[in-house]
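>>> Compute the structure for the input listed below.
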Amino acid sequence: MNDTLQVSVLASSSSGNCLYCQTPHQKILIDAGLSGKKIAQLMASIGQDLAQVQALLVTHEHSDHVQGVGVLARRYQLDVYANQKTWSAMAHKIGPIDPAQKHIFPPNSVISLGEMDIESFSVSHDAADPQFYNIHYNGKSFVDLTDTGYVSERVKYIIKNADGILIECNHDLAMLRHGPYPWPLKQRILGDEGHLSNADGAEVLADVIGRRTKNIYLGHLSPHNNYPTLARQTVTQMLQAQDFNVGHDFQLYDTKPQQATKLQLI
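Purely as a prediction, here's the structure:
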């Protein structure tokens, strides 16, 4: 195995999210928003064995992030990490877990899991206490950032110049506004505790891309209010308008609801 950080976005959409990260001696998942069976299949599709994963980090309690948490914890004896409010909010969704496997990971803190240093940071989303993660190993970093209505200057500072980023591009504004969702749901998505649009994601990227940034994944797309080609086109055009050399200095990757991205060196 290469002595570096490797990542695969196993699934990313409004219907289910799961991210896999590995270093030579540490393997983790961030979120488990699909069935345990499906996550095992997605891991196998990138040549990895779910039984070798040591830890599962949870961002927040919404079902598209925790559907498989309890099953995976019980079946594979995974250590599970979340902050206190998220543990309380997801308890009825994930079922019983051995207390020895339950770990508190406070917001805006850093813990070490094996050779990884993992930094949590709070975001603005309509959950109990949502937090996402910046994974550090051997001078490299990978940021997981979806499910937020906006990105604060503090978060931009934390994630700036990361080597790899999974950024939310949930919806196209016009598709959302003219789409089938009821108005209260549209208001929720558009609000400060909702989701980033394609344009929002591009604006965040313009502020945080640095010389180290090489791999950007566009994630958490809505199946009703977005298309991968539209998200990629919007982000590309907005970044090019600010003189970013998309496709040369860094690559943009699509993510899919139930198809893993290639296991990629970060």
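>>> Please enumerate the helices of the stretch 151-266 of the chain.
Applying DSSP state H, counting those that start in this stretch to the stretch 151-266 of the chain gives helices spanning 153-159, 173-178, 183-190, 198-208, 228-241.
>>> deepest of those, which one?
helix 198-208 (a mean of 21; mean count of other CB atoms under 10 Å). Bear in mind the C-beta positions are built from the backbone N, C-alpha and C, glycine included.
>>> Please save the CA atoms from that one in PDB.
Extracted in PDB, the C-alpha atoms of helix 198-208 (Å, rounded to 0.1, in the frame of the first residue of the first chain):
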ATOM      1  CA  ASN A 198     -23.900  24.400  -7.300                       C
ATOM      2  CA  ALA A 199     -23.000  28.100  -7.300                       C
ATOM      3  CA  ASP A 200     -22.500  28.200  -3.500                       C
ATOM      4  CA  GLY A 201     -20.200  25.200  -3.800                       C
ATOM      5  CA  ALA A 202     -18.200  26.900  -6.500                       C
ATOM      6  CA  GLU A 203     -17.900  30.100  -4.400                       C
ATOM      7  CA  VAL A 204     -16.600  28.200  -1.500                       C
ATOM      8  CA  LEU A 205     -14.100  26.400  -3.600                       C
ATOM      9  CA  ALA A 206     -12.800  29.700  -5.100                       C
ATOM     10  CA  ASP A 207     -12.000  30.800  -1.500                       C
ATOM     11  CA  VAL A 208     -10.300  27.600  -0.300                       C
END
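>>> what angle do that helix and helix 228-241 make?
Orientation note: helix 198-208 sits at an angle of 40 degrees relative to helix 228-241 (axes from the mean of the first three to the mean of the last three CA atoms, to 10 degrees).
>>> neighbouring contacts of helix 198-208?
145, 150-151, 156, 159-162, 165, 167-169, 171-173, 196, 216, 218, 226, 230-231, 234-235, 238-239, 242, 244 (CB atoms under 8 Å, 6 or more residues apart in numbering).
>>> where does the stretch 1-150 of the chain have low pLDDT?
Counting by pLDDT under 70, the stretch 1-150 of the chain shows low-confidence ranges at 1-2.
>>> Surely residue 143 touches residue 159?
Yes. Assessed by CB atoms under 8 Å, residue 143 is found in contact with residue 159 at 4.5 Å.
>>> Can you pull the residues that touch both of the two?
134, 165.
>>> Helices of the stretch 1-150 of the chain, start to end?
Counting by DSSP H, counting those that start in this stretch, the helices of the stretch 1-150 of the chain are 36-45, 63-66, 69-76, 84-94.
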